[in-house]
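Asks: got a predicted structure plus its sequence, pasted below:
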Amino acid sequence: MEELNETSISVLTQMVTDYTGKQPITCAALAQSGSHRRYYRFTFEEGNTLIGTYNEDVTENKAFFEYTRFFAAQQLNVPALLAVHEDQKHYLLNDLGTQTLYDKLCETKKENGDFQKVMDYYKKVVATLPKFQLTAKKGLDMSVAYPRAAFDRQSMQWDLNYFKYYYLKMVYVPFNEQLLEDDFQRFMDYLLSIDDDYFLYRDFQSRNIMVNQDNVWFIDYQGGRKGALQYDIASLLYDAKADLSPEIRQELLECYMDNLAQYIPIDRKRFTADFNAFALIRIMQAMGAYGYRGYFEKKAHFLQSVPYAIRNMRYLLQHNALPANLPELRHVLQTVVDSYVEPVKEESDILTVTVQSFSYKKGIPEDNSGNGGGFVFDCRALPNPGREKRYATFTGKDDCVIEYLQQYKEVETFVNHVCALVDMSVENYLERRFTHLTVNFGCTGGQHRSVYFAEQTAAHLREKYPQIVVELRHREQ
């Protein structure tokens with residue numbers, strides 16, 4: 001994989017040089033989200049930047065290229081497609097910055113800022129959405145749609161099965177499979193009865209909307225296909241972690257319908273009922289994704305969205321979002337809502353540092369904090385008391401093992417370097433109000449060296465930073 005990254009960076013660097021006539025001075029990989037696409041920010045001496053992208057999936061890329069060119073011609077705010085490599089796996093985009101609508105929303109909530117400014121951005125978004133949706137009737141080539149040409153029965157079946165197998169079964173919600181399948185079919189019949197001759201963005205949510213130069217810009221629409229109008233506005237307003245209040249959702253839905261009515265006639269009462277039904281299938285699809293990423297792939301941070309999705313589901317059930325003839329589906333969803341116990345929230349400004357020892361024979365510990373891991377220090381190059389029989393029954397917490405290790409200069413050097421590195425992160429995390437950091441120490445058996453260094457580091461942190469919580473764990477003990 002590293003070799004592949006280096007090759008892609010080399011290709012993109014050459015493309016950047018050819019396009020601009022200048023050599024970039026830096027290339028920084030951007031954080032990956034849920035996709036396999038890789039993004040790199042290239043910077044030039046004068047401070048200008050642009051984005052290089054690599055994606056192995058040429059079919060998906062072709063959809064992105066076609067949509068981008070068409071949307072740009074319709075004067076919609078999408079990234080500028082600057083250059084495409086002949087392999088159609090590498091391409092260049094203009095840089096829309098680093099701040100999403102979701103970032104703006106979180107900053108405002110955290111700082112108790114001016115929410116009206118965020119609402120202004122949201123209103124720009126819902127005013128623009130109909131323009132995207134109606135492009136399906138203006139000559140947009142939907143033959144390139146990926147992976148399906150429409151949000152049809154097959155697409156819906158995939159989403160509902162995703163929910164069934166990766167959420168319901170993962171959290172042991174009981175159901176009658178045949179009755180639930182029958183209700184799925186009836187639910188899809190209802191959804192497919194709604195006019196679907198529009199462009200469906202598919203992943204229309206606050207993380208896919210950039211805020212740049214006081215305007216909103218739209219990204220990640222390559223999964224677009226034909227579908228109903230209600231799906232995308234439901235995706236935006238029931239975006240789990242955005243956690244919009246029912247009052248805000250209703251205001252924005254009314255604003256969206258006002259803008260849509262400028263282009264086509266709509267029955268607001270029927271539109272709202274259909275909107276609620278599409279909101280439910282979108283939430284079920286999202287919960288399947290959270291279950292797959294969180295429970296199956298062990299990426300715990302995806303599970304942080306579950307409480308928000310449960311609250312949204314509860315609200316929709318209370319407001320009769322499901323058609324009446326779906327008793328098993330209603331029972332299952334009500335069971336999901338009723339059986340879920342929300343975790344106790346920790347104080348948001350308290351930093352917890354988890355220090356842990358482990359054996360490499362049993363693998364590096366999983367990080368369940370939702371932050372994607374932290375430090376992992378390999379102690380196996382240091383003197384090993386485990387090679388001497390007299391230390392066989394002792395651990396790195398016992399005086400004899402401590403005395404053994406402390407006689408070596410390299411052990412002191414290792415401790416000092418570790419503490420210096422960890423201190424840098426702790427101080428940065430405190431400043432940025434982050435809530436969790438992991439520091440792992442591994443050795444062969446997880447008994448002597450790793451335990452010793454975990455103990456030493458935990459003691460150091462507790463003494464130097466009394467305002468933080470230090471959790472000390474010895475996995476193999």
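Replies: Yep, it's here. These numbers come from a predicted model, not from an experiment. Numbers count the residues shown, from 1 in each chain.

Asks: could you measure from the closest residue to P130 other than its chain neighbours over to M424?
Replies: Among residues not flanking P130 along the chain, L260 sits closest, at 4.7 Å (Cβ to Cβ, 6 or more residues apart in numbering). For the C-beta atoms, the positions are set from N, CA and C on the backbone; glycine is no exception. Counting by Cβ to Cβ, to the nearest Å, the gap from L260 to M424 is 51 Å.

Asks: please apply the same query to P79.
Replies: Here P79 is placed at a distance of 35 Å from M424 (Cβ to Cβ).

Asks: give me the more crowded residue out of those two.
Replies: For P79 versus M424, the count of surrounding residues by other Cβ atoms under 10 Å is larger for P79: 22 against 10.

Asks: wait, doesn't Y146 sit right on N55?
Replies: No: using Cβ atoms under 8 Å, Y146 makes no contact with N55, being 11.3 Å away.

Asks: quick one, phi psi at H436?
Replies: Main-chain torsions, H436, degrees, to the nearest 10: phi -150, psi 140.

Asks: so what's it bridging to?
Replies: Under DSSP bridges, the beta-bridge partners of H436 are T352.

Asks: and it, how far from D103?
Replies: In terms of Cβ to Cβ, H436 sits 20 Å off from D103.

Asks: Y263 too?
Replies: 30 Å.

Asks: quick check, pLDDT for F115.
Replies: pLDDT for F115: 89.

Asks: just checking, it touches C106?
Replies: No: the pair F115 and C106 does not pass the contact test of Cβ under 8 Å, sitting 11.9 Å apart.

Asks: comparing those two, which shows the higher neighbour count?
Replies: For F115 versus C106, neighbours defined as other Cβ under 10 Å are more numerous around C106 (16 against 13).

Asks: where's that one, which helix or strand?
Replies: Using DSSP states H and E, C106 maps to helix 101-111.

Asks: and that helix, what does it pack against?
Replies: Contacts defined by 3 or more Cβ pairs under 8 Å, 6 or more residues apart in numbering; DSSP states H and E place helix 101-111 against helix 115-133, strand 209-212.

Asks: report the buried residues of the first one.
Replies: Going by neighbour count (16 or more other Cβ atoms under 10 Å), the buried part of helix 115-133 is 118-119, 121-133.

Asks: how about the helices in the stretch 101-250 of the chain?
Replies: 101-111, 115-133, 153-163, 177-192, 229-237, 246-260 (DSSP state H, counting those that start in this stretch).

Asks: so which of the ones you listed is the most packed in?
Replies: helix 229-237 (a mean of 26; mean count of other Cβ atoms under 10 Å).

Asks: using CSV, list the CA coordinates for that one.
Replies: Extracted C-alpha coordinates of helix 229-237, given in CSV (Å, rounded to 0.1, in the frame of the first residue of the first chain):
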residue,chain,number,x,y,z
LEU,A,229,-36.8,14.5,-4.2
GLN,A,230,-37.5,13.7,-0.5
TYR,A,231,-34.4,11.5,0.0
ASP,A,232,-31.7,14.2,-0.1
ILE,A,233,-33.4,16.7,2.0
ALA,A,234,-34.1,13.9,4.5
SER,A,235,-30.4,13.0,4.5
LEU,A,236,-29.5,16.6,5.3
LEU,A,237,-32.0,17.3,8.0
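
Asks: packing partners for it?
Replies: helix 115-133, strand 198-200, helix 246-260, helix 268-291.

Asks: please redo it, this time with the cut-off set to 6 Å
Replies: Applying 3 or more Cβ pairs under 6 Å, 6 or more residues apart in numbering; DSSP states H and E, we find helix 229-237 packed against helix 246-260, helix 268-291.

Asks: this completes my enquiry, with thanks.
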